[in-house]
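Participant: Provided below are the primary sequence and the corresponding predicted coordinates.
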Amino acid sequence: MRGVPWRTAAAVILLVACGVVATRATAIPGCGADTPSVPAGHPGEISVGATGDLLIHDVGHGVQKDDGAGYFDAVRPWFAQDLVTGNLEQVISEDTGYDKCGSDSDCLAFRSEPSTARYFAGFDLLNMANNHTGDFGDDGYANTRANLAANGIRAVGRRDEIVCTRIGGTTVAMVGFAPYRGTNPVTDLRHVRRVVAAAAASADVVVVQAHMGAEGPDASVVAPGTERMYGENRGDVLAFSHAAVDAGADIVLGHGPHTLRGAEFYRGRLIAYSLGNFGGGGVFGAEPETRYGVYLDVTLDSHGRFVSGRMRSVHFEHSTGVPQPDPQNRAAQLVDDFSRRDLPKTAPTIAADGTIAPPRP
């Protein structure tokens, strides 16, 4: 259990208030003695590397004829943190015989063959709480998790699922949220508090992945209120993120808008509202604004407190979607601009080289 007094107390109070310690039947399993361990790069700290939306290849669009081989080669040297994560916006499976789109030519469903899972080498954990990992039914979802696991990559995203790892002597819990069936809903703040509090009660650091908000080139603004897209309630991103931190989250990693958004520090914790597209598989990136993404490199201490951070930028062409390092670091500067525009009192300062500095007290 974490050792920061106000956060420990908050987690326990929320657990009791939500009734999750009242009976074993309602308890959400947290981190246990069987939590896998890996060495830490630096004692007393953990480093996290994070991307936004990932689409390596889509068989339905006939792109990436090599099935994605070499897709991340230009950026893989960045994947040096203790925990590297991103949002997997596709299914990795053979054809299951089910396609959510049917004959609808305007519908998007993303799938690549099982062999492509190995090209995600360097990622430790991928979020599957989003609107595309179910594109090919329950079998496609299960196959995706199995294919990732066969390549040493863990997944998170089911309702009430907390995935844990021990980095050095620090226990890290990870939870995924989205506004879709079978996930932890971003739209139910009571449940948000409940599951994050359960994670915080059994871990030193809590990492939250959240697929939330409207999408598209005009969706860069972070503002109070519910966001809707295609008739769906995509959540109130501010209310969700603040509730998660209040319940014990130490960092919130946002994705889903397919464009960059600003970031802020709330109660000393970093919230990145959208990391953009980290490549597009030849599908994402139809609009120029959606061809940028950041790779977030953050170091936290063993209590989840921010130590340092940096944003590296990628850019890709729509035709291939392959992420390439951007020497101009434009994505990081866009996040800085959007942060100061939308969240002026709590925005970090992001330097030209991507270094992140919290706002002055």
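Facilitator: Okay, I see it. Numbers count the residues shown, from 1 in each chain.

Participant: Show the average pLDDT along stretch 213-230.
Facilitator: Per-residue pLDDT over stretch 213-230 has a mean of 97.

Participant: Lowest-scoring secondary structure element of this protein by mean pLDDT?
Facilitator: helix 5-18 (a mean of 53; mean pLDDT, DSSP states H and E).

Participant: count of residues packed around V208?
Facilitator: 29 (other Cβ atoms under 10 Å). In short, each C-beta sits where N, CA and C put it, glycine included.

Participant: SS state for it?
Facilitator: Look at V208: counting by DSSP: H, G, I helix; E, B strand; the rest coil, its state is strand.

Participant: got a pLDDT number for it?
Facilitator: Reported pLDDT for V208: 99.

Participant: Can you name the residues that contact it?
Facilitator: With contact taken as Cβ atoms under 8 Å, 6 or more residues apart in numbering, V208 is in contact with M174, V175, G176, F177, V196, A244, A249, I251, V252, L253.

Participant: Also K100?
Facilitator: K100 neighbours (Cβ under 8 Å, 6+ apart): C107, A109, G134, D135, F136, G137.

Participant: do the same with L148
Facilitator: Counted by Cβ under 8 Å, 6+ apart, L148 has contacts L88, I92, A117, F120, L126, R154, A155.

Participant: got it, and D67?
Facilitator: D67 sits in contact with H57, S112, E113, S115, T116, Y119, where contact means Cβ under 8 Å, 6+ apart.

Participant: let's see it at 7 Å
Facilitator: H57, S112, E113, S115, T116 (Cβ atoms under 7 Å, 6 or more residues apart in numbering).

Participant: If you go by neighbour count, which of those residues are buried?
Facilitator: Using 16 or more other Cβ atoms under 10 Å as the burial test, those include H57, S112, T116 as buried.

Participant: All the strands of the stretch 101-250 of the chain, in order from the start?
Facilitator: Listed in chain order, the strands of the stretch 101-250 of the chain (DSSP state E, counting those that start in this stretch) span 111-112, 125-127, 154-156, 163-167, 170-178, 184-185, 205-211, 228-229, 232-233.

Participant: do the stretch 251-361 of the chain as well
Facilitator: Under DSSP E, counting those that start in this stretch, the stretch 251-361 of the chain gives strands at 251-255, 263-266, 269-272, 292-301, 306-315, 324-325, 349-350, 356-357.

Participant: Could you report the separation of A352 from S313?
Facilitator: Look at A352 and S313: by Cβ to Cβ, to the nearest Å, they are 11 Å apart.

Participant: count of neighbours near Q328?
Facilitator: Quick note: Q328 (other Cβ under 10 Å) scores 11 neighbours.

Participant: May I have the phi/psi pair for it?
Facilitator: The phi/psi pair for Q328 (degrees, to the nearest 10) reads phi -80, psi -10.

Participant: Could you measure from it over to R76?
Facilitator: Counting by Cβ to Cβ - Q328 and R76 are separated by 21 Å.

Participant: what's the answer for L343, then?
Facilitator: Applying Cβ to Cβ, the value for L343 to R76 is 32 Å.

Participant: In terms of neighbours, single out the busier of these two.
Facilitator: Shown here are L343 and R76; by other Cβ under 10 Å, L343 has more neighbours (22 against 16).

Participant: from the middle of its chain, how far away would stretch 180-199 be?
Facilitator: 15 Å (Cα atoms, centre = their mean, to the nearest Å).

Participant: Span of it from start to end?
Facilitator: 21 Å (Cα to Cα, to the nearest Å).
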